[in-house]
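Peer 1: Just a sequence and a predicted model for now, questions to come.
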Amino acid sequence: MEGAAERLSAQASGPLRGGLRPPGDKSISHRALIFGLLSVGVTQIEGLLEGEDVLNTAKACRALGARVERLGPGRWRVEGCGVGSLLAPSQTLDFGNSGTGMRLMMGVVGGHDLTARFDGDASLRKRPMRRILDPLELMGARTLSQAEGGRCPIELKGAAEPLPIEYRSPVASAQVKSAVLLAGLNSPGRTVVIEPEASRDHTEKMLRYFGADVAVEPFGAEGRKITLEGRPELRPKPIVVPGDPSSAAFALVAGLIAPGSEIVIEAMMMNPLRVGLLTTLLEMGADVEILDRREEGGEEVADLRVRASALHGVDVPAGRAPSMIDEYPVLTVAAAFARGTTRMRGLAELRVKESDRLEAVAAGLRACGLEPRIEGDDLIVEGRAGDVRGGGLVKTHLDHRIAMSFLVLGLAAREGVAIDDSRMIATSFPTFRGEMERLGARFS
């Protein structure tokens, strides 16, 4: 990330009050633009997240032949060219900090007879991409160049006629699954993905919403088998993007740990594969009331009334990880303010996010006076029952979720918390500071 780092501090703020509507879900925002590109005609999108990650996906869609226009705040229009009719981009597809945007678009390119160069910022260049390239190569795509270890910059030549495959994903990853399915859209047969545990299912839902023939069935104890019939004619449909649970997580935890707080989080997506954090917080004794369940844009949403709570430690099973993989950093903040021990199991996937989140979170907690332990892929936090010192300078490693999580910790810590850089928060939650200050948070 170019430019000088922008340090930001959070101070103990007293009760948080009011309402917050989280920005549009990032996962669905990426996919809305991509399915607009792959449809023939005009897709209207409401509530699109306008963070840097999603805007880079919009640029990539333009580069591949779509007409993409912003009509107003959160309102976008995508005129797509359809599966099989994409253009070869004349310039590098730069995804900045967005692993999701890059990995999904690699799937799109992998299923088309064109060549594209993928790159990103310093953080994204550290993230492994072989888990995406391996199945795409089985389908006929070719990796023409790559940095050491299958990292960016990467030049990918898509398959002229992608082979339909049955792919058993070694990890429960919505990004891997989605890349294979997106490549399979231009295949003449059936593409099958088998995952060991159910990961977020937005791609399958959106494929079906746009007219593709997709079957989903259980596989084994916790897995799923997804079957896609190739070469559907995707039809443009309007999309309303629901509130992002991963962004709502910061206000949710802040409302639980700042004494005397009562806030309402509006229109948060309640997809069962995305509410692992809420499930865990309720097990910890969180006072959260779920209000007005309803449907928006094909997804269930609800309002949450959140009150400050006396939390207690819990054992978080590894099987819950796919439904809350991005929320572990802020869960550790809740665990720090709980009474007793919280053990988060099976966090290997955190080592390959924007940073090695497992090590980065542990280091941040130590800087704030806690003594977390890492045992294998488990993280153990001994809570301080509301008496967390804080006072540290936390290294964010250009990771937006690390940055926001420790700012939340600072709102209830005795000595506040500083982070070394806040610029990357704009990748997923550009209005974070303003929205939190409106609730009563104090930043400087």
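Peer 2: It's in.

Peer 1: which residues of the stretch 301-444 of the chain fall in strands?
Peer 2: 315-316, 341-344, 373-375, 378-382, 393-394, 417-419, 442-443 (DSSP state E, counting those that start in this stretch).

Peer 1: quick check: domain ranges of this protein?
Peer 2: Residue ranges for the domains of the chain, per automatic domain parsing: 8-24+242-443, 26-227.

Peer 1: Save these as TSV, and put in distance to residue 236, mean neighbour count and mean pLDDT too.
Peer 2: No exception for glycine: its C-beta is placed from N, CA and C like everyone else's. As requested, those are exported to TSV (distance: least, Cβ to Cβ, whole Å; neighbours: other Cβ atoms under 10 Å; pLDDT from 0 to 100):
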stretch	distance to residue 236	mean neighbour count	mean pLDDT
domain 8-24+242-443	14	21	94
domain 26-227	4	20	96
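
Peer 1: in which helix or strand would I find the closest residue to residue 106 other than its chain neighbours?
Peer 2: Nearest-residue entry for residue 106: residue 132, 5.2 Å, with adjacent residues in sequence omitted and distances by Cβ to Cβ, 6 or more residues apart in numbering. Element membership of residue 132, judged by DSSP states H and E, is helix 130-138.

Peer 1: so after that helix, what's the next helix or strand?
Peer 2: strand 142-147.

Peer 1: what residues are up against residue 136?
Peer 2: Residues near residue 136 by Cβ atoms under 8 Å, 6 or more residues apart in numbering: 106, 107, 110, 156, 159, 179, 180, 183.

Peer 1: I meant to write residue 171 there.
Peer 2: If a contact means Cβ under 8 Å, 6+ apart, then residue 171 has 131, 196, 349 as its contacts.

Peer 1: Throw those into JSON lines and include distance to residue 243, thanks.
Peer 2: Converted to JSON lines, those look like this (distance: Cβ to Cβ, whole Å):
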{"residue": "131", "distance to residue 243": "29"}
{"residue": "196", "distance to residue 243": "29"}
{"residue": "349", "distance to residue 243": "24"}
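
Peer 1: and of these, the nearest to residue 254?
Peer 2: Within those, proximity to residue 254 (Cβ to Cβ) peaks at residue 349, which comes in at 24.8 Å.

Peer 1: phi, psi of the nearest residue to that closest one once chain neighbours are set aside?
Peer 2: Leaving aside its chain neighbours, residue 349 sits nearest to residue 325 (5.7 Å; criterion: Cβ to Cβ, 6+ apart). Note on residue 325: backbone dihedrals following degrees, to the nearest 10 are phi -60, psi -30.

Peer 1: do residue 212 as well
Peer 2: Main-chain torsions, residue 212, degrees, to the nearest 10: phi -80, psi 160.

Peer 1: tell me the pLDDT at the closest residue to it other than its chain neighbours?
Peer 2: Excluding the flanking residues, the one nearest residue 212 by Cβ to Cβ, 6+ apart is residue 232, at 4.2 Å. If you check residue 232, the pLDDT there is 96.

Peer 1: Secondary structure element holding residue 232?
Peer 2: Going by DSSP H and E, residue 232 is not part of any helix or strand.

Peer 1: That one reaches residue 208, doesn't it?
Peer 2: No - assessed by Cβ atoms under 8 Å, residue 232 is found out of contact with residue 208, at 10.0 Å.

Peer 1: is it true that the residue nearest to residue 106 touches residue 104?
Peer 2: No - using Cβ under 8 Å, residue 132 makes no contact with residue 104, being 9.1 Å away.

Peer 1: any shared contact partners between those two?
Peer 2: With Cβ under 8 Å, 6+ apart as the test, residue 132 and residue 104 both reach 175, 179.

Peer 1: For residue 338, see how far away residue 401 is.
Peer 2: Distance from residue 401 to residue 338, counting by Cβ to Cβ, to the nearest Å: 20 Å.

Peer 1: what does stretch 265-277 contact?
Peer 2: So stretch 265-277 is contacted by 19-22, 25, 28, 198-202, 242-246, 248-249, 251-252, 255, 290, 293, 296, 299-304, 306, 320-324, 327, 330-331 (Cβ under 8 Å, 6+ apart).

Peer 1: that older thread, and the helix holding residue 132 with strand 142-147, angle?
Peer 2: With axes from the mean of the first three to the mean of the last three Cα atoms, to 10 degrees defining the directions, helix 130-138 sits at 160 degrees from strand 142-147.

Peer 1: Can you give the distance of helix 130-138 from its chain's centre?
Peer 2: 21 Å (Cα atoms, centre = their mean, to the nearest Å).

Peer 1: Could you do stretch 235-247 as well?
Peer 2: Centroid separation for stretch 235-247 versus its chain: 13 Å, with Cα atoms, centre = their mean.

Peer 1: Endpoint to endpoint, it covers what distance?
Peer 2: This stretch, stretch 235-247, spans 30 Å end to end (Cα to Cα, to the nearest Å).

Peer 1: ditto for stretch 14-25
Peer 2: 29 Å.

Peer 1: Likewise for stretch 314-334?
Peer 2: With Cα to Cα as the measure, stretch 314-334 spans 11 Å from end to end.

Peer 1: what does stretch 20-34 give?
Peer 2: Span of stretch 20-34 from end to end, Cα to Cα: 28 Å.

Peer 1: do you know how far the residue nearest to residue 349 is from residue 301?
Peer 2: Taken as Cβ to Cβ, the span from residue 325 to residue 301 is 21 Å.

Peer 1: In contact with residue 252, which residues are there?
Peer 2: 265, 277, 278, 281, 288, 304, 306.

Peer 1: one more time with 6 Å, if that's ok
Peer 2: Contacts for residue 252 (Cβ atoms under 6 Å, 6 or more residues apart in numbering) come out as residue 306.

Peer 1: Quick check: which element contains it?
Peer 2: helix 245-257.

Peer 1: So what's the gap between that helix and the chain middle?
Peer 2: That offset, for helix 245-257, works out to 15 Å (Cα atoms, centre = their mean).

Peer 1: Name the next helix or strand downstream of that helix, please.
Peer 2: strand 262-269.

Peer 1: phi, psi of the residue lying closest to residue 75 once chain neighbours are set aside?
Peer 2: Nearest residue to residue 75, sequence neighbours excluded (Cβ to Cβ, 6+ apart): residue 46, at 5.8 Å. With angles defined as degrees, to the nearest 10, residue 46 sits at phi -120, psi 140.

Peer 1: next one: residue 241
Peer 2: phi -80, psi 120.

Peer 1: isn't it right next to residue 28, touching?
Peer 2: Yes - with contacts counted by Cβ atoms under 6 Å, residue 241 reaches residue 28, the gap being 5.1 Å.
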